[in-house]
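K.L.:
Next input, structure requested:
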Amino acid sequence: MRLPVVPASLAAAACLAFAACNTIESSPPSSPAAAKPVRSKAYTAADTLPVMPFRPPALVPGAIPARVRYHVADDATVTAAAARLQAALASGDPAIYGPMVMVHPGAWIYVRNDVDLELADAAQLDILDPNRMAQQIQSGGGLVGRIFRTPHAISLLAPEIAKLLREDGGFRLRALQSAEMAQWWPYIPFDIEEPTFVAESAGGHHRFVFQFSHDKILILDDLTGLPNAH
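P.N.:
Okay, the predicted model is just below:
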């Protein structure tokens, strides 16, 4: 199945629908108010982030740049997710990935040469390059990723990411910096929500971004693979 080429902003409904599927209650809500999902505040450049005293300094994000919307999780949730991700990336454990993982174009360019998949395993994901959007709307094309959606696909993805980090000297896990939020924002159709981490390789060839949903990795990208990375 091939997904249509659309601007990242128009793909937001797909991400919201996925999140909704994971929040269905087993019994009907007792009131209309109970049916509304509760989301954390979306911080913007006009806001000051809350104090985060119970997480390591490396897991404190930078100031929110213009146009970016950022949701903060509590320190315990972020710290626990970071510990799980650290261990999973070191071992290549696929259990930390969700049943569907959106491998965005920045990461796919590094994965595609070593992971051989059919579209049944990983549907094509096309996102417009914001630097060439008008041209791509008229003539097609765009940045290509994949939606990994089978256990087989995830079982190949997890050790591949671990291998890329290991071969570039290992990695350190940290929060997004302000410039990285600004860089990533034009390519994504959703707010940045914690837990979200950057795994930066020691050799500098990778800055993988992992965004969690319901304790599992939903979004994977690599800032070094985006067109404006250099």
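K.L.:
And the helices in this protein?
P.N.:
12-21, 75-91, 105-111, 133-139, 151-167, 178-184 (DSSP state H).
K.L.:
can the ones you listed go into TSV with extra columns for distance to residue 196 and mean neighbour count?
P.N.:
For glycine as for every other residue, the C-beta is placed from the backbone atoms N, C-alpha and C. Formatted as TSV, the helices of the chain follow (distance: least, CB to CB, whole Å; neighbours: other CB atoms under 10 Å):
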stretch	distance to residue 196	mean neighbour count
helix 12-21	14	13
helix 75-91	9	17
helix 105-111	14	22
helix 133-139	25	12
helix 151-167	16	18
helix 178-184	10	18
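K.L.:
Between these, which one is closest to residue 191.
P.N.:
For the helices of the chain, the distance to residue 191 is smallest for helix 12-21, at 8.9 Å, taking CB to CB.
K.L.:
Stretch 203-216 spans what distance, first to last residue?
P.N.:
Its start and end residues considered, stretch 203-216 measures 27 Å (CA to CA, to the nearest Å).
K.L.:
Just send the helices of the chain back as a markdown table, with distance to residue 122 too.
P.N.:
Formatted as a markdown table, those follow (distance: least, CB to CB, whole Å):
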| stretch | distance to residue 122 |
| --- | --- |
| helix 12-21 | 15 |
| helix 75-91 | 20 |
| helix 105-111 | 9 |
| helix 133-139 | 22 |
| helix 151-167 | 5 |
| helix 178-184 | 21 |
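K.L.:
Distance to residue 64 and mean pLDDT for the ones you listed - can I get that in a markdown table?
P.N.:
Below are the helices of the chain laid out as a markdown table (distance: least, CB to CB, whole Å; pLDDT from 0 to 100):
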| stretch | distance to residue 64 | mean pLDDT |
| --- | --- | --- |
| helix 12-21 | 19 | 40 |
| helix 75-91 | 16 | 98 |
| helix 105-111 | 21 | 96 |
| helix 133-139 | 24 | 48 |
| helix 151-167 | 27 | 97 |
| helix 178-184 | 7 | 97 |
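K.L.:
Let me see the contact set for residue 163.
P.N.:
When contacts are counted by CB atoms under 8 Å, 6 or more residues apart in numbering, residue 163 touches 92, 114.
K.L.:
any idea how far residue 68 is from it?
P.N.:
31 Å (CB to CB, to the nearest Å).
K.L.:
Same check on residue 226?
P.N.:
Residue 226 is 15 Å from residue 68, where distance means CB to CB.
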